[in-house]
Structure formats: C-alpha cells, structure tokens
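Engineer: Got a sequence here, can you build the structure:
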Amino acid sequence: MKIPPVGRDRRSAYASGQTLSEFLASATANQSLWAALSGRARVPEDVAARAGRMPGTWHLLVLLEDWCGDAVNTIPVIARLAERSPNIYVRVLRRDEHPGLMDEHLTAGKRAIPVVMVLDDEFREAGWWGPRPRELQDWATSLGVKLAKPDRYRELRRWYAVDRGRTVLEEILQIICKAAGVSQCRAA
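Structural biologist: Residues are numbered from 1 along each chain as shown. The predicted structure is shown next:
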C-alpha cells in the first residue's frame with residue numbers, strides 16, 4: 001500500500017531546490033518562451049492581497065522540466081505570487097532528478113508535471129496541485145484527447161493565454177486556505 005504524501009517532511013527536498021531564476025538560467029528547452037511568460041506573469045491585486053493575509057508561512061515545492069508546456073504556462077505566475085507575498089516561498093526541482101518524489105504525485109498513474117507541493121512552516125506537505133488547472137485537465141482528458149496533437153496543444157495554449165494564470169493561483173490558494181484552516185478564501 002502506498003503511503004499518501006500529505007504530512008511528509010519535505011525540508012531536505014525544499015532545501016535542495018532552486019529559485020525559478022536559477023532554474024531558468026540553466027534551462028535548455030523553451031528558453032525564450034520561459035523568459036517571455038516569466039516577464040509577462042502578473043498576479044491580480046485581489047489574489048495578492050488574499051495570499052498576503054494567509055496565516056503562517058507556506059513553501060511551494062515544484063517538480064518540473066524546462067520542456068513542459070504546462071509548467072511554462074503556470075509556474076512563472078506562481079513564482080510571481082511568491083514575490084508579492086511575504087509568507088509564500090517557491091523552490092523548483094527537476095522531475096527527472098527526483099523520481100521517488102515524482103512517483104508520490106502521479107496523475108492517473110503517470111508522471112505528469114508540473115506538480116506543486118504546498119508545504120507548511122515545518123515543511124510538511126499539506127497538499128499538492130498539478131499538472132493543470134482542474135477545468136483544463138478535465139477538457140484535456142475528455143474532449144482534448146480527440147484532437148490531433150497540434151490542435152490539442154494550440155487549444156491548451158489558447159486557454160492559458162486567456163486565463164493568464166488566474167485559475168492556477170486560485171487553486172493553489174484553496175489548498176493553502178484548507179491547510180491553514182481559513183474558511184472564506186474565494187474571491188469576493
């Protein structure tokens with residue numbers, strides 16, 4: 001029987017992680033796309049305000065690879081949230097260098113990335129998110145699989161461009177709210 005990751009101490013994994021800037025400096029795939037999307041990443045004021053009011057300190061530990069289109073569309077805005085929030089910090093790890101950690105966070109039995117582990121102030125895993133916003137993942141695994149790969153990826157990119165990271169931020173905040181015991185977390 002597999003032990004669930006919630007409650008696991010991730011201090012050493014977090015300590016070995018890189019900042020997103022450090023990761024980007026070593027990226028070999030999609031460098032210009034990572035730079036462009038990181039430069040355009042914005043956090044809506046209401047989301048930043050809610051994140052800043054969260055009790056406690058939160059560490060987000062991300063598994064990713066530079067070739068991943070979902071990571072390039074989600075992780076820059078998560079990193080921007082951490083920059084704007086005094087109580088949220090982010091570190092990234094390459095998925096392929098951490099297979100054991102990845103295997104604790106499979107999606108439908110697969111190593112889908114990105115994975116964002118939400119860690120409390122003691123670096124215990126409180127929950128995790130990934131690999132896509134729920135609405136987009138539902139589409140990708142139902143209607144999206146019926147499209148040819150180029151068409152499917154075009155639609156995924158279009159969804160991300162319209163959403164601008166809002167949904168991923170809301171879903172991450174929901175995990176933090178639940179772990180922090182905050183009952184009212186949604187946007188007004």
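Engineer: all contacts plus neighbour counts: C-alpha atoms, from now on.
Structural biologist: Fine.
Engineer: which residues touch stretch 176-188?
Structural biologist: 46-47, 50, 54-56, 58, 118, 120, 126-127, 170, 173-174 (C-alpha atoms under 8 Å, 6 or more residues apart in numbering).
Engineer: if we go to 6 Å?
Structural biologist: A126 (C-alpha atoms under 6 Å, 6 or more residues apart in numbering).
Engineer: pLDDT weak spots in this protein?
Structural biologist: Filtered on pLDDT under 70, the chain yields the residue ranges 1-4, 186-188.
Engineer: again, 80 this time
Structural biologist: Applying pLDDT under 80 to the chain picks out residues 1-7, 183-188.
Engineer: Mind jotting down where the helices sit in it?
Structural biologist: Using DSSP state H, the helices of the chain run over 11-15, 20-26, 31-40, 45-52, 69-84, 99-103, 134-140, 149-163, 166-180.
Engineer: quick one: the residue nearest the centre of the chain from I172, how far?
Structural biologist: The residue lying closest to the centre of the chain (C-alpha atoms, centre = their mean) is V116, at 4.1 Å. Counting by C-alpha to C-alpha, to the nearest Å, the separation of V116 from I172 is 8 Å.
Engineer: Same check on W159?
Structural biologist: 18 Å.
Engineer: A35 too?
Structural biologist: Distance of A35 to I172, computed by C-alpha to C-alpha: 23 Å.
Engineer: which of those two has more neighbours?
Structural biologist: Using other C-alpha atoms under 10 Å as the criterion, A35 and I172 rank with I172 on top: 21 against 15.
Engineer: G144: neighbour count?
Structural biologist: By the criterion of other C-alpha under 10 Å, G144 has 18 neighbours.
Engineer: cool, and C177?
Structural biologist: By other C-alpha under 10 Å, the residues close to C177 number 19.
Engineer: what do you get for A108?
Structural biologist: Neighbour count for A108, taken as other C-alpha under 10 Å: 7.
Engineer: G17 too?
Structural biologist: Here the number of neighbours of G17 (other C-alpha under 10 Å) works out to 18.
Engineer: residues contacting it?
Structural biologist: When the contact criterion is C-alpha under 6 Å, 6+ apart, the partners of G17 are 91-93.
Engineer: TSV please, covering the residues you listed and showing neighbour count and distance to K178.
Structural biologist: Formatted as TSV, the contacts of G17 follow (neighbours: other C-alpha atoms under 10 Å; distance: C-alpha to C-alpha, whole Å):
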residue	neighbour count	distance to K178
R91	22	21
V92	27	23
L93	22	25
